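# Okay, here's the prediction I keep looking at, along with the sequence it came from:
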Amino acid sequence: MGFSSFFSSFSITSFFAVFFLAIALYSFGLVIYRLYFHPLARFPGPKLAAATKWYEFYFDVLKGAGGQFMFETDRMHEQYGPIVRVNPDELHIKDPEFYDTLYRAGSAVRDKYPPSCLFAGTPLGVFGTVKHEPHRARKAPLAAYFSKRVYRTAEPIFQSQIEDFSDRLRNRQISGKVTDVRVDFLSTATEIVSRYAFGHPIGLHDSPHEAVDWLLTVKAIAAVSPFFKQFPYVAEWLLPCPEWLVKVLYPVFAPSIRLHGKMQREAVEACKKVASDEKVTIWDGTPETRPQTVFEAILQTNLPLAEKTPGRLDHDAFTAIFGGSDPAARTMTNCTFWLLTNPSVLQRLQQELDTATPDPSKRLRVQQVEELPYLNAVVKESLRLQAISTSRLEVVCPSEVLRYKDWVIHPGTAVGMSLRHTLHDPSIYPDPHAFKPERWLDAAGKIDVAKDKYYIPFHRGHRMCLGYAFATTMMLMTLATVFRRFDLELVDTIYERDVKIVRDCFIGETEPDTKGVKIRVLKERK
Ligand code: HEM
């Protein structure tokens, strides 16, 4: 039989039969490999999770409103112990004592596990960089730009935006209007980050409509995260598409495209401005010569030109505006809920604020709020209790062998840990789901720094949040001003619906039908 007659005798049905048989054989072989011959085969965990990633897909994308795999990993730990193989390629460890080993800083080399950072569609930015060395090079100028020494020079930005927020609360007291306080905290945090990092307002304070729209954008970006974690490269493919096409293909992703477009335009302008300067000075990291924008902070480095394209700058700007505003806004929103549902804590906080600032109309200084122990304890406790980053924060040690108890973890294995397992561990924080700021104080009523060993809401190691000090200052100043100046009341807010984290969207999210944390301003305090 000739070659062509062999193929002509092959019907289309037989072709598909062979094709599907090949796929079935390949899948069968892959499952056998993963269960019996894979380097992780001897680790405990459900066989189905070890056999296929569709197990995780089911929990994170199909079950309920999505983002449910975090609860399944909790169940796995209950059944199998502190180390579990949660999917074919990944281990998860629940043991606060191992945190500093896995996320060791200094000379330790840690890559990121690609799905845990590429889902955001920002592979050229600090957050999305997989490999250790380029990550360090990219992080250095941003870490300097967001360091306390440098942003202290921008104290008036913090003060003026908080003053705007305060004026809005004053107007609400007159009108009696009930509002979702997350919108206010989000627009305040976004305005502060935008004015500091981009050198201009973003316009949310002047337009209530835009502020609500921004909250919807933030929620939409979070909602698509579980899907993109399963298919991390799809975000990257979709980003260059025009917004109208994405609206047709995957409408929930359209707000991300719009935000990237905005950041790209900002980046192009910054590149033009820096290019038009006759002599570009390299920033020496001192506060006195602080670059006006985060773009300039990157452009005025010795990084190669390929690191200074608008496309690359957009990826860091996207993280700064999104990551810099929403987690802080959520923390302040939830803190408001906990304060208003714990009157004795609120009373102690207001006593401290009244003593420190007898005249409530005076603007607070950064140094002043940093020195108030109970206020600092309230913010720490809010960050601990909400443990907002629900991601498994997976890293890969490319060349180091890790040892956990009797287990040897070979180089190249993805290993993750979850912040909440430490922040809610009852042996470290007794009664871990109660709001108790006192737990951060020593016998003299000062912040007890010895208790920072397990304080990890901003993560640890090479990948620790670079905006942790900036965010803490922003929260201290905003909350101190609000609770010094106003008496607030909660309205129609239910913990289970409006505060409790029930979905892992990288950041923990509430029920999709949340009505927000709603408040009424009762009176101005004297
Ligand atoms: C309450 C507020 C905040 C919380 C709880 C928070 C938490 C975190 C956590 C847990 C990470 C680690 C993520 C990972 O490794 O996958 C992270 C990373 C990051 N955060 Fe924040 N963050 C906050 C505010 C901010 C602010 C204000 C900025 C900047 C304006 C910022 C910028 C970043 C960046 C750029 C990264 C990536 C760092 C890296 O990969 O090396 N964050 N943040």
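That came through, no problem.
# Looking at the stretch 201-350 of the chain, what residue ends up closest to the ligand?
Minimum separation of the stretch 201-350 of the chain from the ligand (CB to the nearest ligand atom) falls at residue 324, amounting to 2.8 Å. C-beta: built from backbone N, CA, C; applies to glycine.
# so who does that residue touch?
Residues near residue 324 by CB atoms under 8 Å, 6 or more residues apart in numbering: 189-190, 193, 197, 467, 470-471.
# buried residues in stretch 452-469?
454-463, 465-467, 469 (16 or more other CB atoms under 10 Å).
# now do the same end-to-end measure for that stretch.
Taking CA to CA, to the nearest Å, stretch 452-469 runs 14 Å from one end to the other.
# Quick check: phi and psi on the closest residue to the ligand within the chain?
When you check the chain against the ligand by CB to the nearest ligand atom, the closest residue turns out to be residue 467, at 2.1 Å. Per-residue torsions, residue 467: phi -100, psi 20 (degrees, to the nearest 10).
# So it versus residue 434, what's the distance?
As judged by CB to CB, to the nearest Å, residue 467 and residue 434 stand 28 Å apart.
# Same question for residue 23.
From residue 23 over to residue 434 (counting by CB to CB), the distance is 52 Å.
# need the residues of the stretch 351-500 of the chain near the ligand, please.
388-389, 391, 393, 457-459, 463, 465-467, 470-471 (CB under 6 Å from any ligand atom).
# any chance of those residues in a markdown table, plus pLDDT and distance to residue 426?
Below are those laid out as a markdown table (pLDDT from 0 to 100; distance: CB to CB, whole Å):
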| residue | pLDDT | distance to residue 426 |
| --- | --- | --- |
| 388 | 95 | 20 |
| 389 | 96 | 20 |
| 391 | 95 | 22 |
| 393 | 97 | 22 |
| 457 | 98 | 17 |
| 458 | 98 | 22 |
| 459 | 98 | 22 |
| 463 | 97 | 27 |
| 465 | 97 | 25 |
| 466 | 96 | 31 |
| 467 | 96 | 30 |
| 470 | 97 | 31 |
| 471 | 98 | 27 |
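# Filter the residues you listed down to the ones in helices?
When these are checked against helices (DSSP state H), the matches are 470-471.
# and of the residues of the stretch 351-500 of the chain next to the ligand, the nearest to residue 424?
Relative to residue 424, the closest of these is residue 457; by CB to CB it sits at 11.4 Å.
# Distance-wise, check the nearest residue to the closest one once chain neighbours are set aside relative to residue 80.
Closest residue in space to residue 457, ignoring its immediate chain neighbours: residue 383 at 3.8 Å, by CB to CB, 6 or more residues apart in numbering. Remark: distance between residue 383 and residue 80 (CB to CB) = 30 Å.
# Of the two, which one has the most company?
Applying other CB atoms under 10 Å to residue 383 and residue 80 shows that residue 383 carries more neighbours, namely 25 against 15.
# residue contacts, that one?
Applying CB under 8 Å, 6+ apart to residue 383 gives the contacts 331, 457-458.
# where are the low-confidence patches of this protein?
Along the chain, the parts satisfying pLDDT under 70 run over 1-10, 278-279.
# Show me what from it comes close to the ligand.
126-127, 139, 146, 193, 319-320, 323-324, 327-328, 331, 388-389, 391, 393, 457-459, 463, 465-467, 470-471.
# So which of those residues belong to strands?
Counting by DSSP state E, none of the members of the residues of the chain next to the ligand fall within strands.
# what separates residue 24 from residue 87, distance-wise?
Applying CB to CB to residue 24 and residue 87 gives a distance of 21 Å.
# typo on my end, residue 425
24 Å.
# So between those two, which is more surrounded?
Taking other CB under 10 Å, residue 425 and residue 87 do not tie; residue 87 has more neighbours (25 against 15).
# give the contact list for that one.
49-50, 53, 55-56.
# switch the cut-off to 6 Å
By CB atoms under 6 Å, 6 or more residues apart in numbering, residue 87 lies in contact with 49, 53, 56.
# mind putting those residues in a markdown table, distance to residue 335 and secondary structure included?
Formatted as a markdown table, the contacts of residue 87 follow (distance: CB to CB, whole Å; DSSP: H, G, I helix; E, B strand; the rest coil):
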| residue | distance to residue 335 | secondary structure |
| --- | --- | --- |
| 49 | 36 | helix |
| 53 | 37 | coil |
| 56 | 32 | helix |
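# what comes up buried for stretch 196-208?
Buried positions in stretch 196-208, judged by neighbour count with 16+ other CB under 10 Å: 196-199, 201-202, 204-205.
# For stretch 61-71, what is the spacing between the initial and final residues?
13 Å.
# repeat for stretch 390-402
End-to-end distance (CA to CA), stretch 390-402: 23 Å.
# Identify each buried residue in stretch 472-491, please.
Residues 472-486, 488, 490 are the ones in stretch 472-491 that count as buried (16+ other CB under 10 Å).
# Sorry, wrong one. I was asking about stretch 163-181.
Using 16+ other CB under 10 Å as the test for burial, stretch 163-181 gives 164-166, 168-169, 172-173, 179-181.
# So which of these sit within strands?
179-180.
# Burial check on the residue lying closest to residue 81 once chain neighbours are set aside, number of neighbours?
The spatially closest residue to residue 81, leaving aside those adjacent along the chain, is residue 44, at 6.1 Å (CB to CB, 6+ apart). Using other CB under 10 Å, residue 44 is surrounded by 16 other residues.
# returning to what we had before: what about the residue nearest to residue 457, which helix or strand?
helix 373-386 (DSSP states H and E).
# which residues of the stretch 301-450 of the chain fall in helices?
Ranges of helices in the stretch 301-450 of the chain, per DSSP state H, counting those that start in this stretch, are 310-323, 326-341, 343-356, 366-370, 373-386, 419-423.
# now those in CSV, with distance to residue 449?
CSV is the format used below for the helices of the stretch 301-450 of the chain (distance: least, CB to CB, whole Å):
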stretch, distance to residue 449
helix 310-323, 26
helix 326-341, 21
helix 343-356, 19
helix 366-370, 13
helix 373-386, 11
helix 419-423, 17
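# which one of the ones you listed lies closest to residue 33?
For those, the distance to residue 33 is smallest for helix 419-423, at 30.3 Å, taking CB to CB.
# How about residues contacting the closest one?
94, 96, 384, 387, 389, 454, 456.
# Tell me which two of those sit farthest apart.
Spatial extent of the contacts of helix 419-423 (CB to CB) is set by the pair 94 and 384 at 17.0 Å.
# quick one, which of the two is more surrounded?
residue 384 (25 against 20).
# Tell me the spacing between residue 437 and residue 457.
Distance, residue 437 to residue 457, by CB to CB: 14 Å.
# picking up where we left off before, can you lay out the contacts of residue 324 as JSON lines showing distance to residue 155?
Below are these laid out as JSON lines (distance: CB to CB, whole Å):
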{"residue": "189", "distance to residue 155": "16"}
{"residue": "190", "distance to residue 155": "18"}
{"residue": "193", "distance to residue 155": "15"}
{"residue": "197", "distance to residue 155": "16"}
{"residue": "467", "distance to residue 155": "16"}
{"residue": "470", "distance to residue 155": "12"}
{"residue": "471", "distance to residue 155": "15"}
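# which SS class is residue 32?
helix (DSSP: H, G, I helix; E, B strand; the rest coil).
# which stretches of the chain form strands?
83-87, 90-93, 111-112, 179-180, 395-396, 402-404, 407-409, 414-416, 486-491, 503-505, 507-509, 518-524.
# Give me the contacts around the last one.
Taking contacts as CB under 6 Å, 6+ apart, the residues outside strand 518-524 that touch it are 169, 172-173, 178, 180-181, 486-489, 491-493.
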